[in-house]
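Chemist: whatever this is, show me its structure:
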Amino acid sequence: MSPDTAHTNPHVIDPAGGCPHALNARLRAQGAVAEVVLPGGVPGAVVLGHEALKEFLSHPDVAKDARHFPALHDGTIPMDWPLRVFANAQGMHTADGADHRRLRSLVGNAFTARQVERLRPRIEELTADLLDDLGRAAAGAPDGVADLRTHFALPLPMSVICELLGVDPEHRERLHHLSHTVIIATDTTPAEAMAAVRELVELMGTIAARRREQPGDDLTSALIAAREGDGDRLSEAELIGTMRLMLVAGHETTLNLISNAVRALCTHRDQLALVMEGKAGWSDVVDETLRWDGPVSWFPFRYPTRDLTVDGTVIRRGTPVLAGYTAAGRDEAFHGPDADRFDLTRPTAARALSFGHGAHYCVGAPLARLEATIALERLFTRFPDLDLAVPEPGLPHQRSFIGNSVQALPVRLTARPA
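Modeler: All right, here's what the predicted structure looks like:
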């Protein structure tokens, strides 16, 4: 960061995270770019303003490949640095240029709008079954309360992405635990993180080996076939990295998106009424939730390949930079003075950056939107009186500065007796 524009006291990131919005507002008031200290004492930066982040995400002199992060390789940063997992991963999310285009093309066909729409009947079927499970869980509880994340918001996207990848059901619970430990829970110790990474890679290898032996009509089998065919090839590390990316991005973000949308509607009953009365759509709920309380807060990493000026602040070459998605979503300079208000009639909500921007725009965005739209519509149609079982401020937030949601979401499906 340039000394004449950087903050004199860089923000030291708390690995335990917490609700990001007050911190985002405080930092954003000082500028669209903030200097930070990453866990482990590593200097970095976060881009917080909407226009600044949009520019940064698509800038030709910003890379995803960690070879542009010198401190990662010169001994400055220890080998057990917990965030090294983000930099060292191999896949389209850490590739640039031709490598990125090659890897993205191998998975892109599975996530076109047409292909995703073909999944609608299965998503609707899973949603109906899970709503039955949610109802039974609430009916069987003495207080009539069930955790919506456990019984609905998690198993829906997890089932969809695992079926798409060809992951057998017996692996799914462990995969969620490992992916959450590696990617979302940023308060883990280096030893815990490294152990989870090793187990996750090993389990992904086991799944790939199973599909290699018994190919099916799934994305993993297709990736293996492409890797072993005469065309574009995936290395073993790229195959595992791509599978891991698809698994994590394919369920963790949608889990948070559904959870955050339910919280928003339960605490803004006037906005829920707009949807129930047909004055707003469920897609509007998804768009506004992505803006107002997106599923990912500060996501690592991008690296300027030269000293780069962003909104008047110079970010030095090789600095690890976080994309401040939740901060950009409530940027008053772009979304207006009422950016903190959850408003389904907001015309700019669809332009939120929660799925990224530019070449690395989330390839799974159409699937996440479809899953969340179906889930919310069916949930509130089945249980129109659904409400939080505890006051929203009392919900424990995820212990993460990357993921943005709550750890649990206890709800009542029917209104309390008067």
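
Chemist: hey, where'd the strands end up in the stretch 51-200 of the chain?
Modeler: Using DSSP state E, counting those that start in this stretch, the strands of the stretch 51-200 of the chain run over residues 62-63, 145-147.

Chemist: buried sites along the longest one?
Modeler: Pointing back at strand 145-147 there. Buried residues in strand 145-147, counting neighbours by 16 or more other CB atoms under 10 Å, are found at Val145, Ala146, Asp147. Where C-beta positions appear, they are placed from N, C-alpha and C, glycine not excepted.

Chemist: who does the last one bridge with?
Modeler: Here Asp147 shows beta-bridge partners Pro410, assigned using DSSP bridges.

Chemist: buried residues, whichever helix in the chain runs longest. List them.
Modeler: Looking across the chain with DSSP state H, the single longest helix is helix 236-267. Within helix 236-267, the residues scored as buried using 16+ other CB under 10 Å are 238-266.

Chemist: what of stretch 133-151?
Modeler: Quick answer for stretch 133-151 (16+ other CB under 10 Å): Leu134, Gly135, Ala137, Ala138, Val145, Ala146, Asp147, Leu148, Arg149, His151.

Chemist: what's stretch 376-388 in contact with?
Modeler: Identification of contacts with stretch 376-388 by CB atoms under 8 Å, 6 or more residues apart in numbering yields 124, 127-128, 131, 135, 152, 258, 261-263, 265-267, 272, 275-276, 282, 285-286, 395, 409-415.

Chemist: repeat that for 7 Å
Modeler: Residues outside stretch 376-388 that contact it (CB atoms under 7 Å, 6 or more residues apart in numbering): 127-128, 131, 258, 261, 266, 276, 282, 285, 411-415.

Chemist: ranking those by neighbours, who comes first?
Modeler: The most crowded member of these, judged by other CB atoms under 10 Å, is Ile258 (29 neighbours).

Chemist: gap between that residue and Arg101?
Modeler: Distance, Ile258 to Arg101, using CB to CB, to the nearest Å: 31 Å.

Chemist: what does Ser159 give?
Modeler: Distance, Ser159 to Arg101, by CB to CB: 30 Å.

Chemist: how far off centre is stretch 80-97?
Modeler: 16 Å (CA atoms, centre = their mean, to the nearest Å).

Chemist: what is the end-to-end distance of it?
Modeler: The first and final residues of stretch 80-97 sit 29 Å from each other (CA to CA, to the nearest Å).

Chemist: check the buried residues of stretch 133-151 against Ile402 and report the nearest one.
Modeler: Arg149 (17.2 Å; CB to CB).

Chemist: OK, contacts around the spatially closest residue to that closest one that is not a sequence neighbour?
Modeler: Leaving out its chain neighbours, the residue that sits closest to Arg149 by CB to CB, 6 or more residues apart in numbering is Leu409, at 4.7 Å. Listed by CB under 7 Å, 6+ apart, the contact partners of Leu409 are Asp147, Leu148, Arg149, Ala153, Ser259, Val262, Arg263, Leu395.

Chemist: may I have the phi/psi pair for Leu409?
Modeler: The phi/psi pair for Leu409 (degrees, to the nearest 10) reads phi -140, psi 80.

Chemist: tell me the pLDDT of it.
Modeler: At Leu409, the model reports a pLDDT of 98.
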